[in-house]
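Peer 1: Coordinates only, no sequence provided:
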């Protein structure tokens, strides 16, 4: 099993059920197709136990004011390796720290730290310099997409979401090994009152926090496709109105993101789903 699949399998998966695709998602405007150009995937590795992380958390949350969803997909992945200092980050997952270490190994580095930023699986140490960050994003956006992603979602009662994600590698896509696709749920406007550790006494707010990360879905060689179709039950402590969904395709051997896509959740129950639930 590859390192990517090991950390993917380690993520706690929500209860899932197969569903029958419905045109209701498109009718409600809850569908999105990736563009012809490549969208950048921005991954921030952070922790509530890290005193230098709150400015990076704020920076990530403000990216939507400077860049559109057609330019980048921003994700905040909380790691657990600072929990020993005295504060256990409630959003941290060991699998996220494992992905961070895997990305570091791809870059032939043995060091991980927080806050650390990757754009399309490449470390970007000058992320806090606006001109440098914008240059990296624009460089990625100038590339043609090497994969296509289509998302559809709709409420499935008060505590569940029907989601369908279709992935297709474009003809001519250069992939050194079988590409992998992932589906992610993130949450905005999360707040924490930190009572211990380096940030003791601080009130923190987080956006784009990863709450669910699917297992890897293999796409095979160029022209390959895959379908991810599930109903996910929403835990009681998630804020349904602040959820969003993201998806991306990566080349795990070459260390690159072939395409990324995100959309806010259209997850408020309709009259039909409320009556059915």
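Peer 2: In hand now; what should we look at? Keep in mind it's a predicted model, so treat the numbers as computed, not measured.
Peer 1: Now that residue 199 has come up, it's in contact with residue 49, right?
Peer 2: Yes - at 7.0 Å, residue 199 counts as touching residue 49 under the criterion of C-beta atoms under 8 Å. Heads up, the C-betas are built off the backbone N, CA and C, glycines and all.
Peer 1: between these two, what contacts are shared?
Peer 2: Common contact partners of residue 199 and residue 49 (C-beta atoms under 8 Å, 6 or more residues apart in numbering): residue 87.
Peer 1: now residue 201, nearest residue through space, not along the chain?
Peer 2: Nearest non-adjacent residue to residue 201, counting by C-beta to C-beta, 6 or more residues apart in numbering: residue 194, 6.8 Å away.
Peer 1: Can you tell me how far the one you found is from residue 87?
Peer 2: To residue 87, residue 194 is 6 Å away according to C-beta to C-beta, to the nearest Å.
Peer 1: before we move on, what about residue 58?
Peer 2: For residue 58 relative to residue 87 (C-beta to C-beta), the value is 19 Å.
Peer 1: thinking again about what came up before, shared neighbours, residue 194 and residue 87?
Peer 2: 48, 200.
Peer 1: quick one, which of residue 58 and residue 87 is more surrounded?
Peer 2: Between residue 58 and residue 87, counting by other C-beta atoms under 10 Å, residue 87 is the more crowded of the two (20 against 13).
Peer 1: Now the more buried one: phi and psi?
Peer 2: Phi and psi for residue 87, reported as degrees, to the nearest 10, are phi -130, psi 120.
Peer 1: what pLDDT does it get?
Peer 2: pLDDT for residue 87: 96.
Peer 1: For the closest residue in space to it that isn't next to it in sequence, give me its contacts.
Peer 2: Counting by C-beta to C-beta, 6+ apart, residue 87 lies nearest to residue 197, which is 3.2 Å off, once chain neighbours are set aside. Contacts for residue 197 (C-beta under 8 Å, 6+ apart) come out as 48-49, 82, 85-87.
Peer 1: Closest one to residue 203 out of the residues you listed, please.
Peer 2: residue 48 (11.0 Å; C-beta to C-beta).
Peer 1: quick one: secondary structure of the nearest residue to the closest one once chain neighbours are set aside?
Peer 2: Excluding the flanking residues, the one nearest residue 48 by C-beta to C-beta, 6+ apart is residue 89, at 4.2 Å. Assigned state for residue 89: coil (three-state reduction, DSSP: H, G, I helix; E, B strand; the rest coil).
Peer 1: residues contacting residue 89?
Peer 2: Applying C-beta under 8 Å, 6+ apart, we find residue 89 in contact with 47-49, 78-80, 82-83.
Peer 1: try it again with 10 Å
Peer 2: Residue 89 sits next to 46-50, 53, 78-83, 192, 194, 197, 199 when contact means C-beta atoms under 10 Å, 6 or more residues apart in numbering.
Peer 1: now, the most widely separated pair of those?
Peer 2: Using C-beta to C-beta, the two most remote members of the contacts of residue 89 are 81 and 192, lying 17.9 Å apart.
Peer 1: neighbour-wise, which of the two wins?
Peer 2: Counted by other C-beta under 10 Å, residue 81 and residue 192 do not tie: residue 81 has more neighbours, with 20 against 16.
Peer 1: so that one sits right up against residue 116, yeah?
Peer 2: No - contact status for residue 81 versus residue 116: not in contact, 11.8 Å apart, counting by C-beta atoms under 10 Å.
Peer 1: Sticking with residue 95, tell me its helix or strand.
Peer 2: helix 94-106 (DSSP states H and E).
Peer 1: that older thread, now, which of the contacts of residue 197 sits nearest residue 227?
Peer 2: residue 48 (36.1 Å).
Peer 1: May I have the secondary structure class of the closest one?
Peer 2: Here residue 48 takes the coil state, with states given by three-state DSSP.
Peer 1: For the residue nearest to residue 201, list the residues it contacts.
Peer 2: So residue 194 contacts 48-49, 54, 86-87, 89, 200-204 (C-beta under 10 Å, 6+ apart).
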